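**Student:** Sharing a model prediction with you, sequence too.
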Amino acid sequence: MKRSRSLVLSLVTVLAATLGAAWVALPAYAAGATASFVKTADWGSGWEGKYTITNGGTSTINGWSLAFDLPSGTTLGSYWDALLTSAGQRHTFTNRSWNGAIAPGASVSFGFLASGSGSPSGCQLNGASCGGGTPPTTPPPTTPPPTTPPPTTPPPTNPPTGDLPKHLLTGYWHNFDNPAVELRLRDVPAEYDLVAVAFAEATSTPGALTFGIDPGLAASLGGYTDADFTNDVRTLHSRGKRVILSVGGETGRVTVNDAASATVFADTAAALIARYGFDGIDIDLENGLNPTYMAQALRALRAKVGSSLIIAMAPQTIDMQNPAGGYFKLALDIKDILTVVNTQFYNSGAMLGCDQNAAYGQGTVNFIVALACIQLEAGLRPDQVGLGLPAGPGAAGGGIVAPSVVNAALDCLARGTNCGSFRPPRTYPGIRGAMTWSVNWDVSNGNTFARTVAPHLDTLP
């Protein structure tokens, strides 16, 4: 974003319930399966842990269950890429729908946060030692084992929606003065479902965020205070809209490169959310990010704010070309809590699409669809993918398209109609929607983007 231009078989936990006896059916044990544990981060009062399950056997593992104990005084927090049940200090993680099958030689992993200084012990994988071996021969119990309900606020299989519509229009609101029309937040046009406030700023403390109404903007509006802005957030809420705080932008220098700065990020972001009433956070860092520690920061923030937290991202096209790249890796690593990735399909030049056969020129249906296809085919769900485009002249240096082109790209992805020469391998009816930089530029250009794209989103399946 430019100030000036701009993420088989589950463990069968069903009890074979009869009035006489019951037992828990575990997934079939596969010889050669092992699990290893590592603390990927430790900040004294807590840590991040990761288990990696490896299939060293010759047949596919279909479903896994890994259990361990934590000592008294050490508690689990948020977790990802697994489901959890707990009985006292004994915790059992089981596979999600997408990572239950492990082919020979392959591995899967899951992670979690913990408070306290203890470490896991007594690890068992599918009933056997995590170090390998044969499962115990203890006969099934003659009475049903106690069942423990899941945590009261477990991470959902699907990300939070924050009461957002199935297909949504996102727009960025300028907290600064530039050639676009200046607006009070309450004056954002009604077509926008989600408003990203640009931007939170860095401080001298790594990871720390600060926000306040820009003095230049306040002057241009004839007076606009933090209190006015907070009231405007409430006004948008009363209209059914959601407001999130965007971090970064073209000149953003927020850095989260270690566990300490991840904690600071989460703490300061949570404070700003509480103070102003934001519904979530948007990551728009154009100067690089560390996916490991940003993931830690966002998970910690979600633990503080709750499961309704909206998490959006606005990477540049180059950042979403390779799943191993920082931004893309972050999106996949937090897929279980991620709301939407609105990639900036502009200011890019020609780039390869998911077919890797041709370079598509920006500003075309082919470019938007072929590049969105990369994300859709590399692991993000359709409801996590949005199309980011400029709101007309002045908003970007390149890649400006007529709003009708955005609608055609949405049609191509959702229905397989109105495509250019490139056609994706399948349709994605759940495609989340569109984003524009920015509300201010759109208003400057007659609000054409919102008035064209918003009603079209309502027609998508």
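**Tutor:** Okay, I see it. Numbers count the residues shown, from 1 in each chain.
**Student:** Check which residues of stretch 396-416 are buried.
**Tutor:** Neighbour-count burial for stretch 396-416, counted by 16 or more other Cβ atoms under 10 Å, picks out 396, 399-401, 403, 405-415. Using the backbone N, CA and C atoms, a C-beta is placed for each residue, glycine as well.
**Student:** brain fart, stretch 114-122
**Tutor:** Neighbour-count burial for stretch 114-122 [16+ other Cβ under 10 Å]: 114, 118, 120.
**Student:** closest to Phe265 among these?
**Tutor:** The shortest approach to Phe265 among those belongs to Ala114, at 19.0 Å (Cβ to Cβ).
**Student:** Shouldn't that closest one be within a strand?
**Tutor:** Yes: per DSSP: H, G, I helix; E, B strand; the rest coil, Ala114 lies within a strand segment.
**Student:** That one reaches Phe68, doesn't it?
**Tutor:** No: judged on Cβ atoms under 8 Å, Ala114 makes no contact with Phe68 at a distance of 11.1 Å.
**Student:** ok, back up a step: redo the buried residues of stretch 114-122 as TSV? Include distance to Ala33 and pLDDT.
**Tutor:** Below are those laid out as TSV (distance: Cβ to Cβ, whole Å; pLDDT from 0 to 100):
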residue	distance to Ala33	pLDDT
Ala114	24	82
Gly118	25	92
Pro120	17	95
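**Student:** In TSV, list these along with distance to Asn175.
**Tutor:** Listed next are these as TSV, based on distance: Cβ to Cβ, whole Å:
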residue	distance to Asn175
Ala114	37
Gly118	44
Pro120	45
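**Student:** what sits up against stretch 296-309?
**Tutor:** 41, 48, 77-78, 80, 113, 153, 155-156, 160, 162, 207, 256, 259, 261-263, 265-267, 269-270, 273, 279-281, 283, 311, 334, 337 (Cβ atoms under 8 Å, 6 or more residues apart in numbering).
**Student:** The stretch 201-350 of the chain: helices as residue ranges?
**Tutor:** 215-220, 226-238, 259-276, 291-305, 326-333 (DSSP state H, counting those that start in this stretch).
**Student:** Identify whichever of those helices lies nearest to Thr448.
**Tutor:** Evaluated over the helices of the stretch 201-350 of the chain, closeness to Thr448 peaks at helix 226-238, with 21.7 Å, by Cβ to Cβ.
**Student:** Now do the buried residues in stretch 231-249.
**Tutor:** 232-233, 235-236, 241-249.
**Student:** Restrict it to CA atoms and write it as CSV.
**Tutor:** Output in CSV follows, covering the C-alpha atoms of stretch 231-249 (Å, rounded to 0.1, in the frame of the first residue of the first chain):
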residue,chain,number,x,y,z
ASN,A,231,-16.9,8.0,18.0
ASP,A,232,-16.8,7.4,14.2
VAL,A,233,-15.6,3.8,14.8
ARG,A,234,-18.8,3.3,16.9
THR,A,235,-20.8,4.9,14.2
LEU,A,236,-19.5,2.5,11.6
HIS,A,237,-20.3,-0.4,14.0
SER,A,238,-23.8,0.9,14.3
ARG,A,239,-24.1,0.5,10.5
GLY,A,240,-22.9,-3.1,10.5
LYS,A,241,-19.4,-2.2,9.3
ARG,A,242,-16.0,-3.4,10.7
VAL,A,243,-12.9,-1.3,11.2
ILE,A,244,-9.4,-2.7,11.4
LEU,A,245,-6.0,-1.1,12.1
SER,A,246,-3.4,-1.4,9.2
VAL,A,247,0.2,-1.8,10.1
GLY,A,248,2.9,-0.6,7.7
GLY,A,249,2.4,0.9,4.3
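**Student:** So for the closest residue to Leu285 other than its chain neighbours, what's the pLDDT?
**Tutor:** The shortest distance from Leu285 to any non-neighbouring residue, by Cβ to Cβ, 6 or more residues apart in numbering, is to Gly248 (4.0 Å). Listed pLDDT for Gly248 reads 84.
**Student:** Between the helices of the stretch 201-350 of the chain, which one is closest to Ser72.
**Tutor:** Ser72 lies closest to helix 291-305 among the helices of the stretch 201-350 of the chain, at 21.1 Å (Cβ to Cβ).
**Student:** Taking helix 259-276 as reference, get the angle to that closest one.
**Tutor:** Interaxial angle, helix 291-305 versus helix 259-276 (axes from the mean of the first three to the mean of the last three Cα atoms, to 10 degrees): 40 degrees.
**Student:** Report the inter-axis angle for helix 291-305 versus helix 326-333.
**Tutor:** Angle, helix 291-305 to helix 326-333, by the same axes, to 10 degrees: 50 degrees.
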